[in-house]
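Novice: everything below, folded, please.
(one chain, ligands or ions: 2)
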Amino acid sequence: MSAEGDGSKRRQTVAILTNVAHISAPFLTVFLVVHLSAPALANVGGSSLSSNVMLLGREYYQTAFGERYLLFTPLAAHVASSIAKRIITPRSASPRKITSTHSLAAYSTLLIFLPIHFYTHRVFPADPSPPIFEVGPSEVDYEFVKTGLARFPWRSWVLYGGLVASVMLHAVEGAQIIQASRFASQKFRMRSRTCKIVAAAAVVPVLAGLWTVSREPLMVFASLAERYEAVFTRSWVYRI
Ligand code: HEM
Ligand code: HEM
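Specialist: Ligands and ions are numbered 1, 2, ... in the order given. The predicted structure follows:
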């Protein structure tokens, strides 16, 4: 095939991958709004409201259908298409700098904060062997979060803070990228500094809610608190 034919095929593939990355983003945004309303609402109703809101939220993202099609599939599609796009975009077309805020936030979420969070909050609690004895979904509530904050304070703050901040930065900048590429007629576009301010404004209620949770006394039996602790220490991050 001619070099020109090659080039146009590549452009078509890049366009498809961009569509996949952009169409999957709203699914992730909805998950984030649902998932982060729980800690944010602790500001008004403490950890018991957070636990109830999280329980409701799981109807959306933790059912057999929801988890697979509303969370994991969009997340996998989003990440795979964005990375594939970066790989095949020719240098001459100058792909986004890996050191841009948007990319750095994306990869720190993907490679550091999200895997640790997912393992400690979703995978390890399901371990049936002692001493965890399967901390079931009804037990992984905001008492679990509170116990983590009480027993491993600086780690919890770094990990929750890092996760929320990097996701928010990435999402706010991402929303701008989508707007610029799809609604080019709209003149309004935030500057990078404004994006950071908007992301910070979204992070504050979530972390303030978490702070409210951390100020409450622990309300769990010692036996459950030990199983919670065992969940966290299954991760090397909580053992070092
Ligand atoms: C203060 C911030 C956060 C807190 C307190 C928190 C808390 C929790 C808790 C308690 C769970 C287990 C129960 C459940 O699945 O609902 C969980 C699961 C999860 N969290 Fe978070 N989270 C926070 C932020 C985030 C962020 C920013 C993301 C996204 C990047 C995220 C992604 C996830 C995922 C993917 C799961 C597993 C959901 C599933 O498969 O069912 N979390 N989180
Ligand atoms: C759990 C959440 C998310 C993860 C782990 C994630 C991860 C990623 C990764 C790894 C990239 C590739 C970055 C690069 O190579 O430069 C990317 C690109 C992108 N993400 Fe996300 N993302 C998430 C959520 C979101 C959300 C909520 C939005 C929008 C509201 C969004 C919008 C975008 C956009 C627009 C791109 C660039 C696509 C393009 O090249 O046109 N992402 N994401």
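Novice: spell out which parts of the protein neighbour ligand 2.
Specialist: Residues of the chain lying close to ligand 2 (Cβ under 6 Å from any ligand atom) are 18, 21-22, 25, 28-29, 32, 75, 78-79, 82-83, 85-86, 96, 103, 106-107, 109-110, 114, 167, 170-171, 174-175, 177-178. No exception for glycine: its C-beta is placed from N, CA and C like everyone else's.
Novice: among those residues, the buried ones, what's the ChimeraX command?
Specialist: In ChimeraX, this line selects whichever of the residues of the chain next to ligand 2 come out buried by 16 or more other Cβ atoms under 10 Å:
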select :18,21,22,25,28,32,75,78,79,82,85,103,106,109,110,114,167,170,171,174,175,178
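Novice: how about the residues of the chain near ligand 1?
Specialist: Residues of the chain lying close to ligand 1 by Cβ under 6 Å from any ligand atom are 32, 35, 39, 54, 58, 61-62, 67, 71, 109, 114, 117-118, 121-122, 140, 144-145, 160, 163-164, 167, 206, 210.
Novice: check this structure for the residue nearest ligand 2 and tell me.
Specialist: Residue nearest to ligand 2 within the chain (Cβ to the nearest ligand atom): residue 174, separated by 2.5 Å.
Novice: show me the strands in this structure, by range?
Specialist: With DSSP state E as the criterion, the chain has no strands.
Novice: how about the helices in it?
Specialist: For the chain, the helices defined by DSSP state H occupy 3-61, 64-65, 73-88, 101-108, 114-118, 142-151, 153-182, 192-215, 222-233.
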